[in-house]
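Trainee: My questions concern the predicted model and sequence given below.
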Amino acid sequence: MTTLATPSPSPSAAPGPLSVSFLSFNNLSVIAVVFSALSALFGAYVILFVLAVWSTYSRTGTSYRRLRIVTIVLFINLLTHYICRGITFGRARLVNPPAGDLRMVDIPIVFIGSITCTFAGFLSDGLVAWRFYVVYGRKRWAMYLPATAVIVNALLGFSGDFQHLEFYRSTQTYTETFKLHAFKINAAWGWFMFGINTVLSGAIIGRIIYISKSTDKHNAACSYGGKRYNTALAAVTESALVTWVGLLLYEIAAIAPTGHITSVWNVGYVMVCIIPMFFGISQCLITARLGIVNDGFDLRESNRDHAVAMSFGADSGRAAREITITVSRETVIDAEKGAVDL
């Protein structure tokens, strides 16, 4: 989400052998840290991607097919981001790159790296908004409010990405104005996304815990909500807590004394490079869980008969099993029923 400016020696004097060696050492040191972290997260993401595709491969429902498409699109997007960052880091080793490379190579690579980061965040937030909509009983407000916030934030991020194209109109204007605007927009994008994920993740976790306690309170014969381990697993994956943690680190880096969203080699730049991998990991965790547990996880409450319902499964986009606890009659109904879309 940010512009990369390769550090260069002071223009007031030609770099000597010592200054060139020191600069190269600093560049390589930072590259080693950033690319190692990026590669480790990308490796973990690839493993989860394979697990997510494998777990949903045998599912034939429309919802599972859509999940696979989103998972594959996000993988291609993050692979592109990883390659772009790799090229950028490799080029940072050049002390005196050719003059035409900035226009022909560096700016396009920076633009692609930035826009892939924003798009990954958009897909990740969209998935969290969808789970929020499902967990809250598919109410209209649960769909429109988070969807609006996610779309607005994505447009904000894309507007910052396209600031880089001003370079082709006026290099001076880009360096003096648009480059700084892009940094500020990217910082606002990160804070807005952090706020969205805080609200949605907190609401999803709260809802899951509430329903779990409701089923436990009435001694429900429910293998999902009645176990703390399953509840914790559902809360962590459904709420995309990994994304929230990544965004928290991103914001800490953004306000750190040696951070901020800039083109300087610092902690802020490190988080800008690796934050998309947190988006991908969260998306794969949710997809893999839905495929392995066969859980559409739909929660409903009926005040009319004091019932708490938790639906499981998603074969062909429908819940394969529904367990309904009717408190007033003190009965437990266990029936095979197609009730809920994934």
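Mentor: Everything's here; your move.
Trainee: Can you list the low-confidence ranges for the stretch 51-200 of the chain?
Mentor: Using pLDDT under 70 as the threshold, the predicted model of the stretch 51-200 of the chain has low-confidence ranges 92-103.
Trainee: contacting residues around the residue lying closest to L248 once chain neighbours are set aside?
Mentor: With Cβ to Cβ, 6 or more residues apart in numbering as the criterion, L248 has its nearest non-adjacent residue at 7.0 Å, and that residue is F194. (C-beta placed from N, C-alpha, C; glycine too.) Listed by Cβ atoms under 8 Å, 6 or more residues apart in numbering, the contact partners of F194 are 244, 247-248, 250-251.
Trainee: Mind doing that once more with 10 Å?
Mentor: For F194, the contacting residues are 243-244, 246-248, 250-251, 254, taking Cβ atoms under 10 Å, 6 or more residues apart in numbering as the criterion.
Trainee: do the same with T173
Mentor: By Cβ under 10 Å, 6+ apart, the contact list for T173 reads 166-167, 179.
Trainee: before we move on, the earlier item: name the element the residue nearest to L248 belongs to?
Mentor: For F194, the enclosing helix or strand under DSSP states H and E is helix 179-217.
Trainee: Could you list the buried residues of that helix?
Mentor: The neighbour-count check on helix 179-217 (16 or more other Cβ atoms under 10 Å) flags 179, 182-183, 185-194, 196-197, 200-201, 203-205, 207-209, 211-212, 214-215 as buried.
Trainee: now stretch 62-78
Mentor: 63-64, 67-68, 70-71, 74-75, 77-78.
Trainee: got the contacts of T173 as TSV, with distance to N230 columns?
Mentor: Putting the contacts of T173 into TSV (distance: Cβ to Cβ, whole Å) gives the following:
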residue	distance to N230
E166	51
F167	52
K179	49
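Trainee: From Y136, how far out is Y210?
Mentor: When Cβ to Cβ, to the nearest Å is the yardstick, Y210 and Y136 sit 11 Å from each other.
Trainee: How about L155?
Mentor: Relative to Y136, and taking Cβ to Cβ, L155 is found at 25 Å.
Trainee: So for the two, which residue has more residues nearby?
Mentor: Neighbours were tallied for L155 and for Y136 using other Cβ atoms under 10 Å; the higher tally belongs to Y136 (18 against 12).
Trainee: Nearest residue to that one in space, ignoring adjacent ones along the chain?
Mentor: For Y136, ignoring the flanking residues on the chain, the nearest one in space by Cβ to Cβ, 6+ apart is A142 at 4.0 Å.
Trainee: so where does that neighbour fall, helix or strand?
Mentor: Once you assign secondary structure using DSSP H and E, A142 falls within helix 140-161.
Trainee: ok, so of the contacts of T173, who is nearest M104?
Mentor: F167 (11.4 Å; Cβ to Cβ).
Trainee: Next, work out how far apart the nearest residue to the closest one once chain neighbours are set aside and V152 are.
Mentor: Spatially, and ignoring its direct neighbours in sequence, F167 is nearest to Y174 (4.2 Å; Cβ to Cβ, 6+ apart). Y174 is 26 Å from V152, where distance means Cβ to Cβ.
Trainee: wait, A142 sits on V134?
Mentor: Yes - with contacts defined as Cβ atoms under 10 Å, A142 counts as touching V134 at a distance of 8.5 Å.
Trainee: give the contact list for I286.
Mentor: Listed by Cβ under 10 Å, 6+ apart, the contact partners of I286 are 52, 67, 71, 124, 127-128, 130-131, 237-240, 242.
Trainee: On the pLDDT front, check it for me.
Mentor: Predicted confidence (pLDDT) for I286: 89.
Trainee: What helix or strand is it located in?
Mentor: Taking DSSP H and E as the definition, I286 sits inside helix 267-293.
Trainee: List the buried residues in that helix.
Mentor: The neighbour-count check on helix 267-293 (16+ other Cβ under 10 Å) flags 267-291, 293 as buried.
Trainee: same deal with stretch 138-147?
Mentor: Along stretch 138-147, these residues count as buried under the neighbour rule (16+ other Cβ under 10 Å): 142-143, 145-147.
Trainee: now, which of those sits nearest V34?
Mentor: Here the nearest of those to V34, counting by Cβ to Cβ, is P146; it sits at 32.0 Å.
Trainee: quick one: contacts for the residue nearest to G246 when sequence neighbours are not counted?
Mentor: Of all residues not flanking G246 in the chain, F278 sits nearest, at 2.8 Å (Cβ to Cβ, 6+ apart). By Cβ under 10 Å, 6+ apart, the contact set of F278 is 41, 45, 120-121, 124, 240, 242-250, 271.
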